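Student: Generate a structure from the sequence data that follows.
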Amino acid sequence: MTEISQRPAVGIASPEAAAPPYDADDVRRLFDRMATSYDRMNIVLSLGFATLWRRQLLRLVGATGSPRRVLDLMSGRGETWTEIERRLPQAEITAVDFSAQMTAHAESRSRARFGGRVRLRQEDALNGTAERASFDVVVSAYGLKTFDAPQLERLAAEVARVLRPGGSFAFIDVTEPACRALRIAYLAYLRWIVPLAAVLLLSDPTEYRMLHRYLASFGDGSRAVEAFRSQPGLHVEVRRHFFGCATSISGRRS
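Tutor: Here you go, the predicted model:
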């Protein structure tokens, strides 16, 4: 198990960047606006790491030939489904996202690429309607950074609630690396280069500037780690990816 230090976030972020709004309606509107370009921009602006880290995320879930009920939280446009099916070929996927626009794009992806097999729910991951102990696997990519500490605790509690005994979970998100030089370069890239690229590709950098602010507040992911470890029924492992530029939180329910 890789331990995460409890250091405060350090970098080049402005004071404004340290306190982004965590209001659910604000976040929903943010992702509604980004829905058209989100998966394409993620691949381009992450230099391909977004796809690699999704693949590594699913490697944290035990492969099996038998059917598994999988819950994809904060599922966006369904970018993780290909990796879910590659790892768990007979998976029954339920995808949850509270953005109407993201869900609309996800519906199109489900019909075009998955034969309409994915069950879609437009709802808040913190107030889900899934029954207790109804899923074998819970996964999520890049949604943790938009939650504050109390919301992360609610999320971890929801994961513990919906997982069956012995079920597994895996989350991954971008984080600030521990190395100061790499952290400064990484945050500079997210703060300046990503919005500039958004101007060139989309004409509006506002949404992608907000993502930098959420990352600056999320820091090394310690709050998320603490939230999952606070759940007595969850056994938690933490891994850093690419020198800490991303962090995964995974494990199983006892």
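Student: Please enumerate the strands of the stretch 51-200 of the chain.
Tutor: 69-73, 92-96, 119-121, 135-141, 163-174 (DSSP state E, counting those that start in this stretch).
Student: So what touches the fourth one?
Tutor: In other words, strand 135-141. For strand 135-141, contacts defined as Cβ atoms under 8 Å, 6 or more residues apart in numbering pick out 50, 53-54, 57-58, 61, 68-76, 79-80, 84, 88, 91, 94, 125, 159, 162-164, 167-173. Quick note: C-beta positions are derived from backbone N, CA and C, even for glycine.
Student: for the first one, same thing?
Tutor: Outside of strand 69-73, the residues within contact range by Cβ under 8 Å, 6+ apart are 78, 80-81, 84, 88, 91-96, 125, 130, 134-140, 143, 155, 159, 162.
Student: Let's see that strand as CSV, backbone CA atoms only.
Tutor: Taking C-alpha atoms only, strand 69-73 is exported to CSV below (Å, rounded to 0.1, in the frame of the first residue of the first chain):
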residue,chain,number,x,y,z
ARG,A,69,-22.8,-5.9,-12.0
VAL,A,70,-20.7,-2.8,-12.4
LEU,A,71,-21.6,0.8,-11.3
ASP,A,72,-19.7,3.6,-13.1
LEU,A,73,-20.1,6.7,-11.0
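Student: dump the residue contacts of Glu226.
Tutor: With Cβ under 8 Å, 6+ apart, Glu226 has these contacts: Ala149, Leu152.
Student: residue contacts, Leu120?
Tutor: Per Cβ under 8 Å, 6+ apart, neighbours of Leu120: Thr94, Ala95, Thr103, Ala106, Glu107, Ser110.
Student: Can you get me a residue count around the first one?
Tutor: Neighbours of Thr94 under the rule other Cβ atoms under 10 Å: 21.
Student: any idea how far it lies from Leu211?
Tutor: 26 Å (Cβ to Cβ, to the nearest Å).
Student: what's the pLDDT at Ser168?
Tutor: With respect to pLDDT, Ser168 scores 96.
Student: That one contacts Arg252, doesn't it?
Tutor: Yes - Ser168 is in contact with Arg252 according to Cβ atoms under 8 Å; the separation is 4.7 Å.
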